[in-house]
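Undergrad: make a model of this:
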Amino acid sequence: MTSKLHAAKARDLIYDWNTQGRASAYPSGVELDDESLRDGLQSPSVLNPPVEQKIELLGLMDALGIHTADIGYAGSSARTQQDIVALAQASLKLNIKVNVACRTTLADIGPAVECAQKAGCQIEVSAFLGCSPIRRYAEDWDFEKMMGQVEESVTFVVRHGLPCMFVTEDTTRADPESIRLLYSKAIECGATHICVSDTVGHATPDGAYNVVSFVKGIVGESGAAVTIDWHGHQDRGLGVANTLAAIAAGAGRVHGCALGIGERCGNTPMDTLLVNLKLLGIIEHDLTRLPEYVRLASAMTGIALPVNYPVVGADAYRTATGVHASAVVKALAKNDLWLANRVYSGVPADWFGLSQIIEIGPMSGASNVGYYLQSRGIVPERALVDKILDAAKRSNRILTESEVMRLTADG
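TA: Reported below is the predicted structural model:
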């Protein structure tokens with residue numbers, strides 16, 4: 001079925017309240033920066049994987065159409081610097097570009113520049129500085145010295161021929177005048193990106209929209225061709241919602257991590273963000289390798305993938321409930337995969353190389369059993385269906401395939 005027919009069917013069969021009444025206006029495209037290999041690895045619960053696995057994940061980021069990746073904190077260790085060089089060199093065979101994180105000190109930025117020189121490619125340098133009053137009070141920071149750090153750091157990066165992103169930490173709790181002064185100085189010194197950070201997950205979608213709109217005004221006043229980045233965290237569980245609000249307000253590049261890994265409650269989950277961006281029509285990326293990306297991230301970091309995780313969790317397209325299964329089975333009987341992937345799902349499985357799975361358990365009906373048997377080449381005779389369904393009703397869980405096959409073999 002053509003995309004035009006699909007669109008017509010969607011209009012006829014799905015009333016979309018998301019677009020009726022108050023609705024955000026989104027651009028037709030946005031860039032993505034994957035922080036899995038830097039901010040994600042700052043989680044106290046993850047394993048730091050070998051560079052070979054990092055390179056493999058970088059390749060999957062590229063396959064998903066992710067534009068840039070943060071590949072390490074250059075000032076942290078010699079091993080990290082070695083990994084940065086290897087990852088930067090690997091990126092030369094891909095479309096994805098790379099960046100590294102640094103504090104706004106030459107002690108951090110110097111190693112980043114050296115990594116770029118060793119790798120023989122450009123590495124964007126992301127120089128970050130805390131800016132909120134609470135952070136400055138805790139650290140006893142002098143604002144004039146902070147302004148000097150911004151000027152020295154950004155100028156140093158630009159002088160060495162590398163692109164620079166200036167990042168204000170804790171932007172969503174910072175006062176407008178401090179934000180204006182810091183970003184204006186970074187833009188004046190040659191930063192090509194400025195990043196708004198919800199470092200402790202303080203923002204709501206309204207807050208994200210408000211602060212990005214304010215920063216968009218600063219960029220407009222400067223007249224410079226500068227992109228606004230958004231970097232969100234999950235402390236309130238609002239990572240994806242805040243990121244969408246930031247995009248609506250004018251963020252041109254947004255950050256995330258596979259599985260939402262990162263410090264405390266983690267970062268905006270890149271995988272779920274990609275799903276929502278595609279559903280909204282903001283991107284048209286091929287996401288069939290999304291399950292592979294998430295599963296590799298889980299395996300290499302030691303972070304378990306919850307069964308109810310959106311799209312790639314084991315239960316995302318799996319049902320044993322009679323009413324649900326019946327609707328899916330009826331759609332499949334119409335030989336309509338488009339319908340089967342939407343009648344009981346808000347996110348179509350085939351976009352991700354996945355399919356609906358029907359199981360048999362205590363909440364099942366005859367349609368579950370009939371479909372289950374037919375899909376395995378077994379004739380669903382009524383007596384057999386009743387026998388399996390009776391066993392399922394007496395069970396406290398989903399029947400395994402071996403249990404169903406044993407019941408089938410027993411006659």
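Undergrad: so how far is E31 from T272?
TA: According to Cβ to Cβ, to the nearest Å, T272 and E31 sit 18 Å apart. Glycine gets a C-beta too; all of them are placed from N, C-alpha and C.
Undergrad: out of these two, which sits in the busier spot?
TA: The residue with more neighbours, out of T272 and E31, is T272; 22 against 18, by other Cβ atoms under 10 Å.
Undergrad: would you say the more buried one is within a helix?
TA: Yes. T272: assigned to a helix according to DSSP: H, G, I helix; E, B strand; the rest coil.
Undergrad: how far away is it from S36?
TA: Per Cβ to Cβ, T272 is found 13 Å from S36.
Undergrad: now do A69
TA: Using Cβ to Cβ, we find A69 at a distance of 8 Å from S36.
Undergrad: what touches both of these two?
TA: M61 (Cβ atoms under 8 Å, 6 or more residues apart in numbering).
Undergrad: any idea which residue is closest to the centre of the chain?
TA: M270 (0.6 Å; Cα atoms, centre = their mean).
Undergrad: what's the closest non-adjacent residue to that one?
TA: Leaving out its chain neighbours, the residue that sits closest to M270 by Cβ to Cβ, 6 or more residues apart in numbering is G256, at 3.3 Å.
Undergrad: so the residue nearest to the centre of the chain touches D39, yeah?
TA: No. Counting by Cβ atoms under 8 Å, M270 stays clear of D39, with 11.0 Å between them.
Undergrad: now do the contacts for C164.
TA: 124-127, 153-154, 157-158, 186, 190-193.
Undergrad: TSV for those residues, including neighbour count?
TA: Below are these laid out as TSV (neighbours: other Cβ atoms under 10 Å):
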residue	neighbour count
E124	20
V125	28
S126	29
A127	27
S153	26
V154	25
V157	29
V158	16
A186	30
G190	16
A191	28
T192	19
H193	22
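Undergrad: would you mind giving these as JSON lines with pLDDT added?
TA: Converted to JSON lines, the contacts of C164 look like this (pLDDT from 0 to 100):
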{"residue": "E124", "pLDDT": "98"}
{"residue": "V125", "pLDDT": "98"}
{"residue": "S126", "pLDDT": "98"}
{"residue": "A127", "pLDDT": "97"}
{"residue": "S153", "pLDDT": "98"}
{"residue": "V154", "pLDDT": "98"}
{"residue": "V157", "pLDDT": "98"}
{"residue": "V158", "pLDDT": "98"}
{"residue": "A186", "pLDDT": "98"}
{"residue": "G190", "pLDDT": "98"}
{"residue": "A191", "pLDDT": "98"}
{"residue": "T192", "pLDDT": "98"}
{"residue": "H193", "pLDDT": "98"}
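Undergrad: of those residues, which belong to helices?
TA: S153, V154, V157, V158, A186 (DSSP state H).
Undergrad: just give me the closest of those to G21.
TA: A186 (38.8 Å; Cβ to Cβ).
Undergrad: hey, what's in contact with both of M270 and D39?
TA: With Cβ under 8 Å, 6+ apart as the test, M270 and D39 both reach C257.
Undergrad: residue contacts, G75?
TA: C102, R103, T105, A107, D108, P111, A112.
Undergrad: what does stretch 142-152 rub up against?
TA: If you take Cβ under 8 Å, 6+ apart as the criterion, stretch 142-152 is touched by 104-106, 127, 129, 131, 136, 166, 178, 181-182, 185-186, 189.
Undergrad: switch the cut-off to 10 Å
TA: 103-106, 109, 127, 129-131, 133, 136, 139, 141, 166, 168, 177-178, 181-186, 188-189, 191 (Cβ atoms under 10 Å, 6 or more residues apart in numbering).
Undergrad: helices along the stretch 251-400 of the chain, start to end?
TA: For the stretch 251-400 of the chain, the helices defined by DSSP state H, counting those that start in this stretch occupy 270-279, 290-301, 322-333, 337-340, 366-374, 382-394.
Undergrad: which helices and strands sit right next to the fourth one?
TA: Helix 337-340 is packed against helix 3-13, helix 322-333, with contacts defined by 3 or more Cβ pairs under 10 Å, 6 or more residues apart in numbering; DSSP states H and E.
Undergrad: so for it, mean pLDDT?
TA: Averaged over helix 337-340, pLDDT sits at 93.
Undergrad: so how far is it from its chain's centroid?
TA: Distance of helix 337-340 from the chain centroid (Cα atoms, centre = their mean, to the nearest Å) equals 26 Å.
Undergrad: what does that helix contact?
TA: 1, 5-6, 9-10, 13, 327-334, 348-350, 355-356.
Undergrad: give the buried subset of those as a ChimeraX selection command.
TA: In ChimeraX, this line selects whichever of the contacts of helix 337-340 come out buried by 16 or more other Cβ atoms under 10 Å:
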select :327,328,329,331,332,348,349,356
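Undergrad: start and end of stretch 353-362, how far apart?
TA: 29 Å (Cα to Cα, to the nearest Å).
Undergrad: next one: stretch 85-101
TA: 14 Å.
Undergrad: buried residues in that stretch?
TA: Quick answer for stretch 85-101 (16+ other Cβ under 10 Å): V85, A86, L87, A88, A90, S91, I96, K97, V98, N99, V100, A101.
Undergrad: could you do stretch 202-217 as well?
TA: Neighbour-count burial for stretch 202-217 flags H202, A203, P205, G207, A208, Y209, V211, V212, S213, F214, V215, K216 (criterion: 16+ other Cβ under 10 Å).
Undergrad: the chain: strands as residue ranges?
TA: 31-34, 68-73, 97-103, 124-130, 164-169, 193-197, 227-231, 253-256, 318-319, 357-358 (DSSP state E).
Undergrad: show me where pLDDT drops low in the chain?
TA: Across the chain, the ranges flagged by pLDDT under 70 are 1-5, 411.
Undergrad: kindly recompute the last result at 90.
TA: 1-12, 14, 16, 19-20, 22-24, 28, 76, 410-411 (pLDDT under 90).
Undergrad: for the residue nearest to H233 when sequence neighbours are not counted, what are its contacts?
TA: The shortest distance from H233 to any non-neighbouring residue, by Cβ to Cβ, 6+ apart, is to G201 (3.9 Å). With contacts defined as Cβ under 10 Å, 6+ apart, the neighbours of G201 are 172, 232-239, 242, 263-268.
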